[in-house]
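Peer 1: below: sequence and its predicted model.
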Amino acid sequence: MFSKVTSFENNYFQAITQNKTATNQMYGYFTNKIPIELLHALEVIPIRIITAQNKDLKPGASERYVQSFACSWLRHILDLGLVESYKDLEGIIFSAGTCDSLQNFSDIWRKVFPTQKVYNLTFPIIYNESAEKYLLNEFLNLIKYIQGFLANPPEPIPLKESIIQYNMRREVVNRAYELVSQRKMLYKSVAHLTYLSDVVPVEVFNQFANEYITSEIEKNLDLSTENYPRILISGGMWDNKELFRDTAWESVVYDDLSFGSRNHNYILPEEDSLESYTKAQLKRVPEPTAFDDSKRYDYIESLISDHKIEGVVLLTMQFCDPDTFELVPIRKKLKSLDIPFLNLETTSDLSNREQIKTRLTAFMEILS
């Protein structure tokens, strides 16, 4: 099981194909603001869409469809779609209340792939009583939509069972993050683990994840004696784990990434109550696109304290407005904490990878 699943490291689309079953539908999704536990309870396998590789990829094929201000991440996703990379998915679920590009992307996707189901779910960007009522209604509409395509929809929906499975997933990934913080595991290993958690069915992931962690511990890594500064990576929709293979990233002890710790840093109440589930979802640490950004910056401050962070690297995507908007307040927050800060801007295909490595190395030397 362990070796078979980890073989998906370099073949994301092989993983999607092998996940396909005769009874369970697979839906792709883009952001953390998707109720994956609810989908799972409806017998859907949620697969997170990432900027993977495909031998048939034709970079730039998406230019005729996307807006000029769309980021390289969305362009790459559509390039992949144009070579039928997502043909095994039943459909795609979009979350509105994000960036302009992603909000418009669902209409583009529906036009380019007319045979694929497309669903828009709006996640509130602020937490209050009205937001709770609104999101609860959104979840109820999603349930009705999915059930409309099921021959025998589950009644009642076993939400608690699904929450338990995903809480197990989050707990094991958080354990790996703690080992990285203790310098007993390299950050590139937890980046690999979080990647697998997004593309492997949760029950399968929970079977092999502890074995994966044990294999890393048995390498007897002890970086605590190394003179490495303790680095936190922050950012938005950064998902290309290939970046972290470079040895320059061995100083990282934690991250604040949508495809990293923000996807695992919470535990949901293990109940069948959709109301409790909705409230818990709204209490999560917000993405850079959320209105209550002060909550996010307070969270970054707590990470700095908890993990003894000595420097912060902000990964931003070129032409990504939310990433750019939060650059100033994060810099201001870190300056007030007297924490050195480096902003690294790149594209999803790592076109300036060597430049990033050079700048990061120089930043480490300043901290050492």
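Peer 2: Received, thanks. Quick caveat, the model's predicted, so the values are computed rather than measured.
Peer 1: how many residues are close by the residue nearest to S276 when sequence neighbours are not counted?
Peer 2: Closest residue to S276 apart from its sequence neighbours, by C-beta to C-beta, 6 or more residues apart in numbering: P269 at 4.9 Å. To be clear about C-beta, it is placed using only N, CA and C from the backbone, and glycine gets the same treatment. By other C-beta atoms under 10 Å, 12 other residues sit near P269.
Peer 1: look at P269 and report its pLDDT.
Peer 2: P269 carries a pLDDT score of 96 in this model.
Peer 1: give me the element it is part of.
Peer 2: For P269, there is no host helix or strand (DSSP states H and E).
Peer 1: isn't it right next to E275, touching?
Peer 2: No. Taking contacts as C-beta atoms under 8 Å, P269 lies outside contact range of E275: 10.2 Å.
Peer 1: need the residues touching each of the two.
Peer 2: By C-beta atoms under 8 Å, 6 or more residues apart in numbering, P269 and E275 have no common neighbours.
Peer 1: list the buried residues of stretch 65-72.
Peer 2: By neighbour count on 16 or more other C-beta atoms under 10 Å, the buried set for stretch 65-72 is 65-66, 70-72.
Peer 1: stretch 162-181 too?
Peer 2: Buried residues in stretch 162-181 (16+ other C-beta under 10 Å): 162-170, 172-174, 176-177, 179-181.
Peer 1: and what of stretch 86-99?
Peer 2: 86, 89-99.
Peer 1: what about these, which are in strands?
Peer 2: 91-96 (DSSP state E).
Peer 1: minimum pLDDT in those residues, which residue is that?
Peer 2: Among those, A96 has the weakest pLDDT, 74.
Peer 1: bridged to that one, which residues?
Peer 2: With DSSP bridges applied, A96 shows beta-bridge pairing to T122.
Peer 1: do G235 as well
Peer 2: With DSSP bridges as the criterion, G235 is bridged to L315.
Peer 1: and the helices in the stretch 201-350 of the chain?
Peer 2: 202-217, 274-282, 293-306, 321-325, 327-336 (DSSP state H, counting those that start in this stretch).
Peer 1: could you do the stretch 51-200 of the chain as well?
Peer 2: Using DSSP H, counting those that start in this stretch, the helices found in the stretch 51-200 of the chain span residues 72-81, 100-112, 129-147, 159-181, 187-199.
Peer 1: touching the longest one from outside, list them.
Peer 2: Translated: helix 159-181. Under C-beta under 8 Å, 6+ apart, the answer for helix 159-181 is 36-38, 40-41, 185-187, 189-190, 193-194, 197, 202-203, 205-206, 209-210, 213, 216-217, 252-254, 261, 264-274, 277, 307.
Peer 1: which among those end up buried?
Peer 2: Buried subset of the contacts of helix 159-181 (neighbour count, 16+ other C-beta under 10 Å): 36-38, 40-41, 185-187, 189-190, 193-194, 197, 202, 205-206, 209, 213, 216, 252-254, 261, 264-266, 268, 274, 277, 307.
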